[in-house]
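Student: Show me how the following folds:
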Amino acid sequence: MNSMQRVKVSNALTMAPGQSVLIKGWVRTKRGNKNVAFVALNDGSSIKNIQIVFEASKFSEDDLKGVTTGASIGVYGELVASLGSGQSVEINATSMELYGTADPESYPLQKKGHSMEFLREIGHLRPRTNTFGAIFRIRHSMAFAIHKYFNDKGFYCLHTPIITASDAEGAGAMFQVTTLDLSNPPRREDGTVDYSEDFFGKSANLTVSGQLEGELGALALGEIYTFGPTFRAENSNTPRHLSEFWMIEPEKAFYEIKDNMDLAEDFIKYLVKYALDNCMDDLKFLNDMFDKELINRLMSVIEDDFVRLTYTEGVDILMKSGQKFEFPVSWGTDLQSEHERYLVEKHFLKPVILTDYPKEIKAFYMKQNDDGKTVRAMDILFPKIGEIIGGSQREESLEKLERRIDEMGMDRKTLWWYIETRKYGTVPHSGFGLGFERLLLFITGMTNIRDVIPFPRSPRNADF
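Tutor: Numbering: from 1, shown residues only. Model prediction:
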């Protein structure tokens, strides 16, 4: 094989004819006759393949026997103007090296349609498909855009712990972390497990949110964001839930609820615009193959101001809608996805920010309004998704925070460090969480959250 530098397919497709190139990748398809073979080669750098032309005068049938769908090859040749449709250049091969064969009888990704369910069963190979190549390139672009957005705004990235002794949501559905012998754990006199003998000297779990620690950072650095994995041990087998997922959680000192809403709307519009500006080839593929409205929907999010209304106003609209919901709605109920999507997709036809939820259905740390019934929560609702962002102004009053913790039957002792921030220089502050995979569902048009993360973790599924 020629010792020249390898060129990626994405770059080769933009080069002028007449240049010699070395391309390496995986065979998508091979067709031809006794005089010539055409191979579509892809290296993951683009949704587009590059066509390799093998002329029989240079390559025998025996030379090309191992070049089948899924095989990996390196090809040296000349870029020439393409006579076929779909690409401006192709490669007239002069030499080829076969790196790895793929048995046509057993290789599961032959040229035909595959269901998403089938592809989940072969998670080790599904990134090689056009669909998942597109999704994972978009996932990378969105991760980069998130860091760029906050960096450019002067926020600091804070790495919050993955192992924690606190439950930010008060939800209780947490994965336990332990080094105790589960077949014979040490026990106290009353029969309960003695966690003082565990690795951390106390019960520990995988985090459900970096928010509480994020607040500590914001109350020193001013504006921070976290971007890391979070874990929920809920037995939820829905297209919108994962047991392991990624969260982006900005936290800002001296921000009140309106500042929080403004930031969240600007942030999400920035990300959608970034995808349109930088991922259009992949978006066009997903638009054409899965969701013909995808690009139009993305563009509409940038163009429209989000509607802002209170939970009470939202419930009023739902109750007067005449719509038959699976879950009946009344003031005080936690809104379900069907309620959220009705407001967005049927009533307003644009994203909605709902605020001022009943305190009984929200977390202990949310700032209480003067009415004694509601808190300064904010949820952003999106078409096809429902809630995509959840956040609030935080309760900065020591007295109110402690009272709420007691009302909810939580243990002040495990939250002593969080409570102390309200004793020493407390300030109004706010934050929100964006579920990364929920964002990706919206950006890609996929309908199942397991299809926007490389290796999904869900109940009874920890393969690959």
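
Student: For residue 393, report the pLDDT, please.
Tutor: pLDDT for residue 393: 98.

Student: OK, contacts around residue 224?
Tutor: By C-beta atoms under 8 Å, 6 or more residues apart in numbering, residue 224 lies in contact with 155, 156, 157, 158, 214, 217, 218, 250, 251, 252. (Glycine included, C-beta is placed from N, CA and C.)

Student: Recalculate using a threshold of 10 Å.
Tutor: 150, 155-158, 160, 210, 213-218, 249-253, 431 (C-beta atoms under 10 Å, 6 or more residues apart in numbering).

Student: ok, now residue 161?
Tutor: Per C-beta under 10 Å, 6+ apart, neighbours of residue 161: 204, 206, 207, 210, 213, 228.

Student: And residue 413, by the same measure?
Tutor: Residue 413 makes contacts with residue 419, as judged by C-beta under 10 Å, 6+ apart.

Student: Doesn't it belong to a strand?
Tutor: No. Membership of residue 413 in a strand is not supported by DSSP: H, G, I helix; E, B strand; the rest coil, which gives helix.

Student: measure it to residue 165 for me?
Tutor: Residue 413 sits 11 Å away from residue 165 when distances are taken as C-beta to C-beta, to the nearest Å.

Student: what's the answer for residue 144, then?
Tutor: With distances defined as C-beta to C-beta, the gap from residue 144 to residue 165 amounts to 33 Å.

Student: Likewise for residue 86?
Tutor: When distance is defined by C-beta to C-beta, residue 86 is 57 Å away from residue 165.

Student: Of those two, which one has the most company?
Tutor: Between residue 86 and residue 165, residue 165 has the larger neighbour count (other C-beta atoms under 10 Å), namely 15 against 10.

Student: ok, how many other residues are close to residue 100?
Tutor: Neighbour number of residue 100 under other C-beta under 10 Å is 10.

Student: With adjacent residues omitted, what lies nearest to it?
Tutor: For residue 100, ignoring the flanking residues on the chain, the nearest one in space by C-beta to C-beta, 6 or more residues apart in numbering is residue 72 at 4.5 Å.

Student: all strands of the stretch 1-150 of the chain, in order?
Tutor: Assigned by DSSP state E, counting those that start in this stretch, the stretch 1-150 of the chain shows strands spanning 20-32, 36-42, 50-55, 72-81, 89-100.

Student: Which of the ones you listed sits closest to residue 407?
Tutor: Closest to residue 407 of these, according to C-beta to C-beta: strand 36-42, at 57.7 Å.

Student: So what angle separates the directions of the closest one and strand 50-55?
Tutor: Interaxial angle, strand 36-42 versus strand 50-55 (axes from the mean of the first three to the mean of the last three C-alpha atoms, to 10 degrees): 160 degrees.

Student: Strand 36-42 - contacts with which helices or strands?
Tutor: Strand 36-42 is packed against helix 9-12, strand 20-32, strand 50-55, strand 72-81, strand 89-100, with contacts defined by 3 or more C-beta pairs under 10 Å, 6 or more residues apart in numbering; DSSP states H and E.

Student: can you list contacts of the first one?
Tutor: The contact list for helix 9-12 (C-beta under 10 Å, 6+ apart) reads 6, 19, 21-25, 41-50, 79, 87, 89-91, 137, 281.

Student: now the residue lying farthest from the centre of the chain: how far from residue 443?
Tutor: Residue distances from the centre of the chain (C-alpha atoms, centre = their mean) peak at residue 57, which lies 49.3 Å from the mean C-alpha position. In this structure, residue 57 lies at 47 Å from residue 443, with C-beta to C-beta as the measure.
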